[in-house]
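A.B. asks: let's see this in three dimensions:
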Amino acid sequence: MLAVFDKSVAKGPDALNSPDPSERVAALKNGFLANHFASVHPGSVTVSLGSSGVMAYSLEKQNPLLPRLFAVVDDIFCMFRGHIENVAILKQQYGLNKAANEGIIVIEAYRTLRDRGPYPPDQVVRDIQGKFAFILYDGSSKATFIASDAEGNVPFFWGTDAEGHLVLADDEETVKKGCGKSFAPFPKGCFFTSSGGLRSFEHPLNELKPVPRVDSSGHVCGANFSVDVDAKKESAGMKKVGSAANWSSQY
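C.D. replies: The predicted structure is shown next:
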């Protein structure tokens, strides 16, 4: 799976940018990275998000233990890889029918947060038990919601391209193609939102600190992020403003 979001929609942490700008390209220009993805994955599907970016996915050559899913509900797009162990509990919690898959569950969890939920997003992600990584985009509010499980069981990478756009994929080489050395594994146990940035859902009151990644040649390649046990931040709950409230503007 691949997503490239315009920097006006989702701006990655500055620490992802390598001091070495070589090899980075304009991932959205002329559909460069989406076209590359399609060439590597024949039969893949590309979804244009207009000026916000692009998403693409392929169901070929899947790992049966970590399958890929794609779901769309009311202009909310979700790419999901992995599996949720407590599916039945979450379906009941969100009032979903038995046919709902993991992608639909994530979309409904997001919609509950956006429209009605008085509880924080870290709790919602923490409630999802299993091995997973997902990328969600809300076309109505131009917001993103991205997460990886606490153990980092699903391959998941992110980076910034030459124009500062955010690139995410479950394939390291795809991210490198667009971001050069400005890439890193997506931090396990964390989630990212357009307005709130990167947070740990296991330790939501702690700041995350970047740790530069260095390759075998001594070049800095983006950064890993770890919980700073000495730096606390205030809790950022989602205030209930009304049934049509957009939680992302409150977080």
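
A.B. asks: ranges for the helices of the stretch 101-250 of the chain?
C.D. replies: 102-115, 121-126, 172-179 (DSSP state H, counting those that start in this stretch).

A.B. asks: give me the pLDDT value at residue 214.
C.D. replies: Here the pLDDT value assigned to residue 214 is 87.

A.B. asks: list the contacts for the closest residue to it other than its chain neighbours?
C.D. replies: Distances taken as CB to CB, 6 or more residues apart in numbering put residue 220 closest to residue 214, at 5.9 Å, once the chain neighbours are dropped. Yep, even glycine has a C-beta here, placed from its N, CA and C like the rest. By CB atoms under 8 Å, 6 or more residues apart in numbering, residue 220 lies in contact with 18, 19, 20, 181, 212, 213, 214.

A.B. asks: any idea how far residue 22 is from the last one?
C.D. replies: According to CB to CB, to the nearest Å, residue 214 stands 16 Å off from residue 22.

A.B. asks: show me where the stretch 51-200 of the chain has strands.
C.D. replies: Under the criterion DSSP state E, counting those that start in this stretch, strands of the stretch 51-200 of the chain are mapped to 53-57, 68-73, 76-84, 130-138, 143-148, 157-160, 166-169, 183-185, 190-193, 197-200.

A.B. asks: list the contacts of the residue sitting nearest the centre point of the chain.
C.D. replies: Geometric centre of the chain, nearest residue: residue 146, 2.6 Å, by CA atoms, centre = their mean. Contact analysis of residue 146 by CB under 8 Å, 6+ apart lists 10, 134, 135, 136, 168, 186, 191, 192, 193.

A.B. asks: can you tell me which of the strands of the stretch 51-200 of the chain is nearest to residue 99?
C.D. replies: Judged by CB to CB, the one of those that comes nearest to residue 99 is strand 68-73, at 11.5 Å.

A.B. asks: who does the closest one pair with, and is each partner parallel or antiparallel?
C.D. replies: Strand 68-73 sits in its sheet next to strand 76-84 (antiparallel), going by DSSP bridges.

A.B. asks: over the partner strand, what's the mean pLDDT, rounded is fine.
C.D. replies: Averaged across strand 76-84, pLDDT comes to 97.

A.B. asks: now stretch 8-15
C.D. replies: Throughout stretch 8-15, pLDDT has a mean value of 93.

A.B. asks: CA atoms only for that stretch, dumped as CSV, please.
C.D. replies: The C-alpha coordinates for stretch 8-15 follow below in CSV (Å, rounded to 0.1, in the frame of the first residue of the first chain):
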residue,chain,number,x,y,z
SER,A,8,-0.7,21.1,3.2
VAL,A,9,-2.6,18.0,4.4
ALA,A,10,0.0,16.0,6.3
LYS,A,11,3.4,17.4,7.2
GLY,A,12,5.8,14.9,8.7
PRO,A,13,8.2,15.7,11.5
ASP,A,14,11.2,17.8,10.5
ALA,A,15,13.5,15.1,11.8
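
A.B. asks: ok, now how distant is the residue nearest to residue 214 from residue 16?
C.D. replies: Using CB to CB, we find residue 220 at a distance of 11 Å from residue 16.

A.B. asks: sorry, back to before: distance to residue 90 for the strands of the stretch 51-200 of the chain - can I get that in a markdown table?
C.D. replies: Below are the strands of the stretch 51-200 of the chain laid out as a markdown table (distance: least, CB to CB, whole Å):
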| stretch | distance to residue 90 |
| --- | --- |
| strand 53-57 | 22 |
| strand 68-73 | 14 |
| strand 76-84 | 7 |
| strand 130-138 | 10 |
| strand 143-148 | 14 |
| strand 157-160 | 25 |
| strand 166-169 | 23 |
| strand 183-185 | 26 |
| strand 190-193 | 16 |
| strand 197-200 | 21 |
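
A.B. asks: good, wrapping up.
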